[in-house]
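Engineer: turn this into a model:
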Amino acid sequence: MRAALARDFAALPDFDVVATIDARFREEPGVTWSTVAIGPGEEKSRLLAIARDSDYTLAIAPETGGILAERALWLDSTPTRSLGSSASSIAVAGDKGRLATMFKAAGIRAPRTTIVHPYAGQTPPFDGPTVLKPIDGAGCTDTFYSNTHYHHRPVHLTRHMVLQQYVRGIPSSACFLLDASGRANLIAVGRQDVVITNGRFSYRGGSIPAPRNRADDQVRAAVGIVPGLRGFVGVDFIWNEHEDRSTVIEINPRPTTSVVALTRLLGPGKLARAWIEACDNAFTSDDAFDQIDDQPELAFDTNGRLHSSCSSRSTITPS
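Structural biologist: Below you'll find the model as predicted:
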């Protein structure tokens, strides 16, 4: 994801891109951007120094443990224009319990949700299979399935978690660009490659495009309920192809792995240019990304490797 975005922004003729990298790793050969190595204990000071000399900045990190929100807060203290969401909106969207309450208040169709402790033995206030996951998780990490009332006992988990009704359907994601006023422009809809094995969810990547109309009024409403979201935002949802409707799962207040396919499908610099225009409140065309829907499906794995097919064509089925 980092390399795909750096490459896309570097394709703009009027931009010089500087990307940070952990000092323990080497940059891949043939890059078209500058690289700054960050050693232990140097991240904040080096990142702020680079940001102060830049017109735009973009933090790429998971929201787990407040990692992304903290870095967004650092950038908010500089005069640079951030291409990402505000620290406060990242904190809200990263809290799945709070977000579920907001979905309910806004009338957005979402799974019934409650907060539990894995060892408290609570009986959920709903019937049927359930999903247990961290309040601030990402990428299906520590996410469990149960087909009974509640027998999750993940030994290593000791904190409160989110328990939700399991929703059957096609795991999907809608990718949006949001401008500084919160207006959302749909980039594309994709499928997620998610499997359940031995009671545990695994995310294996996904594919783009899927039918654009699956980002229905529920999905589009969801992306607008958190003030301060900006730039690339993903909305995860389950698509019920029998009822032609979506159930919203969560909001990703950051770039998702989908960008590796989007930059390829759009061509060099097109996503980057639209991203900058959106954050400058200069993005006006709602049909700027329609070309994606006419292209063959392009799949990607969790490491951003691209290939031509994907196994996420059916509902996730426990095994």
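Engineer: contacting residues for the residue lying closest to residue 236 once chain neighbours are set aside?
Structural biologist: Residue nearest to residue 236 in three dimensions, not counting chain neighbours: residue 249, with 4.4 Å by Cβ to Cβ, 6 or more residues apart in numbering. Using the backbone N, CA and C atoms, a C-beta is placed for each residue, glycine as well. Going by Cβ atoms under 8 Å, 6 or more residues apart in numbering, residue 249 touches 110, 111, 167, 236, 237, 238.
Engineer: dump stretch 250-267 to CSV, keeping only the CA atoms.
Structural biologist: Taking Å, rounded to 0.1, in the frame of the first residue of the first chain, the C-alpha atoms of stretch 250-267 are listed here in CSV:
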residue,chain,number,x,y,z
GLU,A,250,-17.6,-0.6,10.0
ILE,A,251,-15.7,2.5,8.7
ASN,A,252,-12.0,2.5,7.9
PRO,A,253,-10.8,6.1,8.3
ARG,A,254,-7.7,5.5,6.2
PRO,A,255,-6.4,4.1,2.9
THR,A,256,-7.2,0.4,2.6
THR,A,257,-5.4,-2.4,0.7
SER,A,258,-7.8,-1.6,-2.2
VAL,A,259,-5.6,1.3,-3.3
VAL,A,260,-3.1,-1.1,-4.9
ALA,A,261,-5.7,-2.2,-7.4
LEU,A,262,-7.3,1.3,-7.8
THR,A,263,-4.0,2.9,-8.8
ARG,A,264,-3.5,0.2,-11.4
LEU,A,265,-7.0,0.5,-12.8
LEU,A,266,-7.1,4.3,-12.9
GLY,A,267,-3.6,4.7,-14.3
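Engineer: quick one: classify residue 285 as helix, strand or coil.
Structural biologist: Following DSSP: H, G, I helix; E, B strand; the rest coil, residue 285 is assigned to coil.
Engineer: now it, nearest residue through space, not along the chain?
Structural biologist: The nearest residue in space to residue 285 (Cβ to Cβ, 6+ apart) is residue 185, at 7.9 Å.
Engineer: the one you found contacts residue 288, doesn't it?
Structural biologist: Yes. Residue 185 lies in contact with residue 288 (Cβ atoms under 8 Å); the separation is 7.2 Å.
Engineer: pull up the overlap in contacts between these two.
Structural biologist: Shared contacts of residue 185 and residue 288 (Cβ under 8 Å, 6+ apart): residue 274.
Engineer: neighbour-wise, give me the winner out of the contacts of residue 249.
Structural biologist: Of all the contacts of residue 249, residue 237 has the most neighbours under the rule other Cβ atoms under 10 Å, reaching 30 neighbours.
Engineer: confidence score at that one?
Structural biologist: Note on residue 237: pLDDT of 97.
Engineer: does it touch residue 248 like I think?
Structural biologist: Yes. Contact criterion Cβ under 8 Å: residue 237 and residue 248 qualify, at 4.9 Å.
Engineer: ok, of the contacts of residue 249, which one's closest to residue 94?
Structural biologist: Nearest to residue 94, judged by Cβ to Cβ, of the contacts of residue 249 is residue 236 at 12.9 Å.
Engineer: quick one: the helix or strand encompassing that closest one to chain centroid distance?
Structural biologist: Element membership for residue 236 (DSSP states H and E) is strand 231-240. Distance of strand 231-240 from its chain centroid, counting by Cα atoms, centre = their mean, to the nearest Å, is 8 Å.
Engineer: what's the answer for stretch 256-272, then?
Structural biologist: Distance, centroid of stretch 256-272 to centroid of chain: 14 Å (Cα atoms, centre = their mean).
Engineer: now swap in stretch 248-264 and tell me
Structural biologist: 4 Å.
Engineer: okay, now the unreliable bits of the stretch 201-319 of the chain?
Structural biologist: Applying pLDDT under 70 to the stretch 201-319 of the chain flags residues 286, 309-319.
Engineer: would you map the strands across the stretch 1-150 of the chain?
Structural biologist: For the stretch 1-150 of the chain, strands defined by DSSP state E, counting those that start in this stretch occupy the ranges 18-22, 34-38, 56-57, 81-82, 113-116, 130-134, 144-146.
Engineer: most packed of those strands?
Structural biologist: strand 130-134 (a mean of 22; mean count of other Cβ atoms under 10 Å).
Engineer: so which elements touch it?
Structural biologist: Secondary-structure packing of strand 130-134 (3 or more Cβ pairs under 8 Å, 6 or more residues apart in numbering; DSSP states H and E): strand 144-146, strand 161-165.
Engineer: would you give the sheet partners of it, along with the direction of each?
Structural biologist: Taking DSSP bridges as the criterion, strand 130-134 sits next to strand 144-146 (antiparallel), strand 161-165 (antiparallel) in its sheet.
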